[in-house]
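Q: missing the sequence, but the structure's below:
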């Protein structure tokens with residue numbers, strides 16, 4: 001009989017993505033997951049969110065068991081309720097009357113009133129001999145799982161910090177009991193999560209992930225960046241039954257007081273809880289896998305670039321098309337911000353939804369430019385505010401990883417951050433990408449980030465126009481500027497500069513490259529405000 005697989009979705013941003021949709025396991029067995037890492041890395045919160053999301057999404061009236069040595073049931077309850085708002089689940093949650101001090105039963109008002117049982121384990125080694133109360137150790141936990149299973153279905157068991165349950169002199173017996181717990185969970189098809197403090201490889205007290213027969217091993221850590229900033233990182237050490245996206249992925253932890261309308265910031269998330277941001281390389285692989293490596297074709301007809309002189313630089317009805325990427329190389333003083341806004345205004349006139357991302361001008365400055373320039377009137381509504389289809393994001397300096405930067409930008413283009421139904425973006429203007437790492441110090445490989453972002457925008461059906469600064473005199477090779485990196489990455493490369501004669505100084509541009517199009521090779525004078 002062929003083995004078939006089921007998938008346990010974690011419901012956590014990005015984590016299901018790097019796992020290829022969730023945790024896959026044989027449908028006649030269950031998931032067994034080990035979370036390992038150093039102190040304070042977020043292991044407990046990740047385990048809590050996984051079991052709570054699974055509990056709140058249950059429709060079978062199952063029981064979920066959570067055991068912790070370090071935290072009391074009341075502290076866990078308060079943290080989930082007050083700090084994370086139960087991850088915004090629209091389910092009524094009730095605390096049942098207390099039977100014993102170290103146990104709290106929570107009932108979710110879903111289809112079958114599923115229960116989450118929070119228990120504080122109390123190993124004998126952590127108690128005085130005269131202390132009152134039940135010793136809750138591995139044998140006790142194993143017995144309770146059996147009793148609960150006889151009363152009804154048990155869906156998941158989490159044991160937080162199993163190492164603290166092995167501190168007494170009988171740790172080899174306890175170690176064997178832990179392995180027996182794993183075997184029982186598998187036998188009864190109960191998902192298991194063991195949280196393990198990072199230990200030395202030669203520490204024999206704690207079974208290894210291999211001894212646990214782990215299906216999935218996640219390692220959490222702090223990575224110190226060159227800026228002396230410690231970023232949270234997650235890595236999949238092992239995933240037995242599935243393909244997964246390797247590498248180091250950053251993550252963040254957000255409380256309940258977040259705002260949904262602000263993005264690309266260290267404290268700005270889409271909801272309370274843990275958010276995993278796959279590495280840029282993983283995101284690119286995910287996009288290609290989802291598209292089954294079918295690269296979207298560019299459009300067949302030229303689009304309006306927003307300025308007649310730019311459109312006129314292309315011959316015989318050719319020119320940049322939908323989904324083709326363009327970069328404007330701007331020497332100082334050239335009004336490329338204005339040209340980028342005109343590019344978006346042309347999209348608005350065509351009924352498209354557009355996005356302007358700026359590292360130079362904030363929203364107020366952009367609004368004043370739009371009020372002053374008649375060519376930008378489509379960017380404004382009748383009330384003088386931005387048109388509903390014209391979104392503006394101003395990037396403040398932030399310590400966020402490249403993965404979060406790219407992840408948030410792509411989600412903005414998908415329209416998923418707006419209220420109501422997602423409304424995808426058709427055109428994007430990014431002003432500007434010059435030394436992006438000065439505003440985002442954790443972005444150390446800007447060239448790859450931009451190249452990957454262009455590929456992913458094409459998969460999303462977005463037509464991007466980016467602005468970058470180049471040194472004065474780049475047009476006549478006085479500065480030693482080399483445009484080869486732009487010629488490799490972009491479909492269309494246009495260079496802007498000022499040219500002086502005895503009477504005046506006038507702005508000019510030249511098309512350096514345009515894939516599949518005929519264009520004027522000589523410099524062309526441009527009049528900024530020409531309609």
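A: Yep, that arrived. Predicted model only: the values in this text are computed from it and were never measured.
Q: Show me where the stretch 351-500 of the chain dips below the pLDDT cut-off.
A: In the predicted model, the stretch 351-500 of the chain carries pLDDT under 70 at residues 416-420.
Q: Now do the strands in it.
A: 354-358, 390-394, 427-431, 463-469, 492-500 (DSSP state E, counting those that start in this stretch).
Q: Minimum distance to residue 75: which of those strands has it?
A: strand 390-394 (38.0 Å; C-beta to C-beta). In short, each C-beta sits where N, CA and C put it, glycine included.
Q: May I see the strands of the stretch 351-500 of the chain organised as JSON lines, with distance to residue 267 and mean neighbour count added?
A: Putting those into JSON lines (distance: least, C-beta to C-beta, whole Å; neighbours: other C-beta atoms under 10 Å) gives the following:
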{"stretch": "strand 354-358", "distance to residue 267": "19", "mean neighbour count": "24"}
{"stretch": "strand 390-394", "distance to residue 267": "16", "mean neighbour count": "20"}
{"stretch": "strand 427-431", "distance to residue 267": "23", "mean neighbour count": "25"}
{"stretch": "strand 463-469", "distance to residue 267": "27", "mean neighbour count": "23"}
{"stretch": "strand 492-500", "distance to residue 267": "36", "mean neighbour count": "19"}
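Q: Output the ones you listed as CSV; include the columns distance to residue 264.
A: As requested, those are arranged in CSV below (distance: least, C-beta to C-beta, whole Å):
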stretch, distance to residue 264
strand 354-358, 8
strand 390-394, 7
strand 427-431, 12
strand 463-469, 16
strand 492-500, 26
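Q: Nearest approach to residue 46 belongs to which of the ones you listed?
A: Going by C-beta to C-beta, the one of those nearest residue 46 is strand 390-394, 29.2 Å.
Q: other SSEs contacting that closest one?
A: If contacts are counted by 3 or more C-beta pairs under 8 Å, 6 or more residues apart in numbering; DSSP states H and E, strand 390-394 sits against strand 354-358, helix 363-372.
Q: which residues touch the first one?
A: Residues lying outside strand 354-358 but in contact with it, judged by C-beta atoms under 8 Å, 6 or more residues apart in numbering, are 337, 340-341, 344, 347-348, 366, 389-395, 409, 412-413, 425-431.
Q: Give me the phi and psi for the residue nearest to residue 452 when sequence neighbours are not counted.
A: Of all residues not flanking residue 452 in the chain, residue 284 sits nearest, at 4.6 Å (C-beta to C-beta, 6 or more residues apart in numbering). Per-residue torsions, residue 284: phi -70, psi -40 (degrees, to the nearest 10).
Q: got a list of what residue 284 touches?
A: Contacts of residue 284 by C-beta under 8 Å, 6+ apart are 452, 455, 456.
Q: Now do the contacts for the last one.
A: When contacts are counted by C-beta under 8 Å, 6+ apart, residue 456 touches 283, 284, 287, 406, 410.
Q: ok, the residue nearest to the last one when sequence neighbours are not counted to residue 151 distance?
A: Of all residues beyond its chain neighbours, the one nearest residue 410 is residue 456 (5.7 Å), with distances taken as C-beta to C-beta, 6+ apart. Applying C-beta to C-beta, to the nearest Å, one obtains 49 Å for the distance of residue 456 from residue 151.
Q: Pull the contacting residues for residue 97.
A: Neighbour list for residue 97: empty [criterion: C-beta under 8 Å, 6+ apart].
Q: Check residue 295 too.
A: By C-beta under 8 Å, 6+ apart, the residues touching residue 295 are 458, 459.
Q: Would you verify that it is located in a strand?
A: No: the assignment for residue 295, made by DSSP: H, G, I helix; E, B strand; the rest coil, is coil rather than a strand.
Q: can you tell me how far it sits from residue 77?
A: Plainly put, residue 295 is 50 Å away from residue 77 if you go by C-beta to C-beta.
Q: same question, residue 442
A: Relative to residue 77, and taking C-beta to C-beta, residue 442 is found at 35 Å.
Q: Between these two, point out the one with more neighbours.
A: residue 442 (21 against 17; other C-beta atoms under 10 Å).
Q: Quick check: chain neighbours aside, which residue is closest to the more buried one?
A: Nearest to residue 442 is residue 401, by C-beta to C-beta, 6+ apart, at 5.2 Å.
Q: hey, which helix or strand in the protein has the poorest pLDDT?
A: helix 171-187 (a mean of 77; mean pLDDT, DSSP states H and E).
Q: got the buried residues for the next helix or strand after it?
A: Sequence order places strand 191-197 as the next helix or strand after helix 171-187, per DSSP states H and E. Residues of strand 191-197 classed as buried by neighbour count (16 or more other C-beta atoms under 10 Å): 191, 192, 193, 194, 195, 196.
Q: Next, the angle helix 171-187 makes with strand 191-197.
A: Going by axes from the mean of the first three to the mean of the last three C-alpha atoms, to 10 degrees, strand 191-197 is angled at 150 degrees with respect to helix 171-187.
Q: Let me know the average pLDDT across strand 191-197.
A: Averaging pLDDT along strand 191-197 gives 91.
Q: packing partners for it?
A: Using 3+ C-beta pairs under 8 Å, 6+ apart, strand 191-197 is in contact with strand 32-37, helix 43-56, strand 154-160, helix 171-187.
Q: rerun that using 7 Å as the cut-off
A: Applying 3 or more C-beta pairs under 7 Å, 6 or more residues apart in numbering; DSSP states H and E, we find strand 191-197 packed against strand 32-37, helix 43-56, strand 154-160.
Q: Now find how far off-centre that strand is within its chain.
A: 24 Å (C-alpha atoms, centre = their mean, to the nearest Å).
Q: sorry, back to before: got a list of what the residue nearest to residue 442 touches?
A: Counting by C-beta atoms under 7 Å, 6 or more residues apart in numbering, residue 401 makes contact with 231, 250, 277, 442.
Q: Helices along this structure, start to end?
A: Applying DSSP state H to the chain gives helices spanning 15-18, 43-56, 73-78, 138-151, 171-187, 280-290, 308-312, 336-349, 363-372, 402-414, 446-459, 484-489.
Q: Make CSV out of these and add distance to residue 86.
A: Below are the helices of the chain laid out as CSV (distance: least, C-beta to C-beta, whole Å):
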stretch, distance to residue 86
helix 15-18, 18
helix 43-56, 7
helix 73-78, 10
helix 138-151, 23
helix 171-187, 26
helix 280-290, 29
helix 308-312, 52
helix 336-349, 40
helix 363-372, 34
helix 402-414, 23
helix 446-459, 33
helix 484-489, 44
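Q: Alright, that wraps it up for me.
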